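Engineer: return a 3D structure for these sequence lines:
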Amino acid sequence: MASNLINEQECAIQLGISVTTLRAWRSTKRYNLEYLKIGRCVKYRPEAIERFMASRTVSGGGDE
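Structural biologist: Next comes the predicted model:
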């Protein structure tokens with residue numbers, strides 16, 4: 001369903017990064033953040049962003 005897709009500006013805000021950083025990640029394939037390319041438009045599925053954030057979660061265990 002296309003109505004729940006978000007653009008790169010909204011994705012960058014959710015991740016707390018700049019659009020430039022997000023574009024660099026796509027260009028270099030640095031992280032496995034799924035996106036859709038529709039012509040020149042880049043869109044993200046909210047669930048893909050959630051999966052990405054979950055995959056980057058680090059548990060804090062240990063004696064600190």
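
Engineer: residues contacting stretch 31-46, please?
Structural biologist: For stretch 31-46, the external contacting residues (C-beta atoms under 8 Å, 6 or more residues apart in numbering) are 2, 4-8, 10-11, 25-26, 48-49, 51-52, 55-56. For the C-beta atoms, the positions are set from N, CA and C on the backbone; glycine is no exception.

Engineer: again, 10 Å this time
Structural biologist: Stretch 31-46 has contacts (C-beta atoms under 10 Å, 6 or more residues apart in numbering) with 1-2, 4-8, 10-12, 14-15, 19, 22-23, 25-26, 47-49, 51-53, 55-56.

Engineer: what about the helices in the protein?
Structural biologist: 8-15, 19-28, 46-55 (DSSP state H).

Engineer: with mean neighbour count, distance to Lys37 and mean pLDDT as added columns, please give those in CSV.
Structural biologist: As requested, the helices of the chain are arranged in CSV below (neighbours: other C-beta atoms under 10 Å; distance: least, C-beta to C-beta, whole Å; pLDDT from 0 to 100):
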stretch, mean neighbour count, distance to Lys37, mean pLDDT
helix 8-15, 16, 11, 96
helix 19-28, 13, 9, 96
helix 46-55, 13, 13, 95
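
Engineer: dump the ones you listed to a markdown table, plus distance to Arg40.
Structural biologist: Listed next are the helices of the chain as a markdown table, based on distance: least, C-beta to C-beta, whole Å:
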| stretch | distance to Arg40 |
| --- | --- |
| helix 8-15 | 11 |
| helix 19-28 | 12 |
| helix 46-55 | 19 |
